[in-house]
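Colleague: Here's a sequence, model it:
(2 chains)
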Amino acid sequence: LAKTTQPISMDSYEGQEVNITCSHNNIATNDYITWYQQFPSQGPRFIIQGYKTKVTNEVASLFIPADRKSSTLSLPRVSLSDTAVYYCLVGIYGNKLVFGAGTILRVKS
Amino acid sequence: GAGVSQSPSNKVTEKGKDVELRCDPISGHTALYWYRQRLGQGLEFLIYFQGNSAPDKSGLPSDRFSAERTGESVSTLTIQRTQQEDSAVYLCASSSTSGWDADTQYFGPGTRLTVL
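Modeller: Numbering: from 1, shown residues only, chains lettered A, B, ... in the order given. Now for the predicted structure:
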């Protein structure tokens, strides 16, 4: 399994754009990149998934450079309710995806 | 449709007792995961079931931990002779290996275990 490295924590203010970068230097050709969000006292929930270039949905954007050795989750105009832990996972369909330590995002008013 | 359910939601037990935690995955999901999450920490992988394949038990912390799964349905995580360090939230997730959301893990609400 590709090992991922994320910052332990980040602070931001309401209305700002937040970018969380995940490093995965030994990502395999068939691996996808997936991000999850976890609020206190809840299980993680899926945010976004991608393979290369850029993916955007109603919640976030995911930027993946050509070498795919890193990825950046972008949250536009965060609010207090975006305070959560964000996990980056790398893996292949049909195999287990395991969670790392995640990044604690604290949004302040 | 129904999501992943877990029971009990809370369990308080005495050190040395055995506990069983139950997970009902989403119908049709072939993959099932168990995780442990200690207070303020990330998820710790415990065990993974995929269809009829032998489970991946590489994350189980000791032989006091075991898990069973009946076909592609209910799973039970058993902790024998519980210790105080077993206190945590135990999360179950299931996923499909096909379709538009293949490999997306859907989590249950968790079981909060407290060992006194």
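
Colleague: Quick check: pLDDT value at residue 96.
Modeller: Just so you know, I chose chain A. At A:Lys96, the pLDDT value in this model is 66.

Colleague: Actually, chain B is the one I wanted.
Modeller: So, for B:Ser96, pLDDT stands at 86.

Colleague: and it, how many neighbours does it have?
Modeller: 18 (other C-beta atoms under 10 Å in any protein chain shown). C-beta coordinates here come from the backbone N, C-alpha and C atoms, glycine included.

Colleague: now swap in B:Arg81 and tell me
Modeller: Neighbours around B:Arg81, by other C-beta under 10 Å: 11.

Colleague: Quick check: it touching B:Asp18?
Modeller: Yes: in this structure, B:Arg81 is within contact of B:Asp18 by C-beta atoms under 8 Å, at 6.9 Å.

Colleague: Report the buried residues of stretch B:19-27.
Modeller: Using 16 or more other C-beta atoms under 10 Å in any protein chain shown as the burial criterion, the residues of stretch B:19-27 that qualify are B:Val19, B:Leu21, B:Cys23, B:Asp24, B:Pro25, B:Ile26.

Colleague: and residue 90, what helix or strand is that in?
Modeller: Reading this off chain A. strand A:84-91 (DSSP states H and E).

Colleague: wrong chain, I was asking about chain B
Modeller: Judged by DSSP H and E, B:Tyr90 forms part of strand B:88-95.

Colleague: That strand: what's the following helix or strand?
Modeller: strand B:106-107.

Colleague: Quick check: neighbours of that following strand in the sheet, parallel or antiparallel?
Modeller: Sheet neighbours of strand B:106-107, with direction, are listed as strand B:88-95 (antiparallel) (DSSP bridges).

Colleague: show me what contacts the residue nearest to the spatial centre of chain B?
Modeller: Nearest residue to the geometric centre of chain B (C-alpha atoms, centre = their mean): B:Trp34, 3.0 Å. By C-beta atoms under 8 Å, 6 or more residues apart in numbering or on different chains, the residues touching B:Trp34 are B:Cys23, B:Leu46, B:Ile47, B:Tyr48, B:Ala67, B:Ser75, B:Leu77, B:Tyr90, B:Leu91, B:Cys92.

Colleague: pretty sure B:Gly110 is touching B:Tyr90, no?
Modeller: Yes: between B:Gly110 and B:Tyr90 there is a contact under C-beta under 8 Å: 6.3 Å.

Colleague: Now for the two: what residues contact both?
Modeller: What both B:Gly110 and B:Tyr90 touch, as defined by C-beta under 8 Å, 6+ apart, is the set B:Gln6, B:Gln37.

Colleague: Nice, that's everything, thank you.
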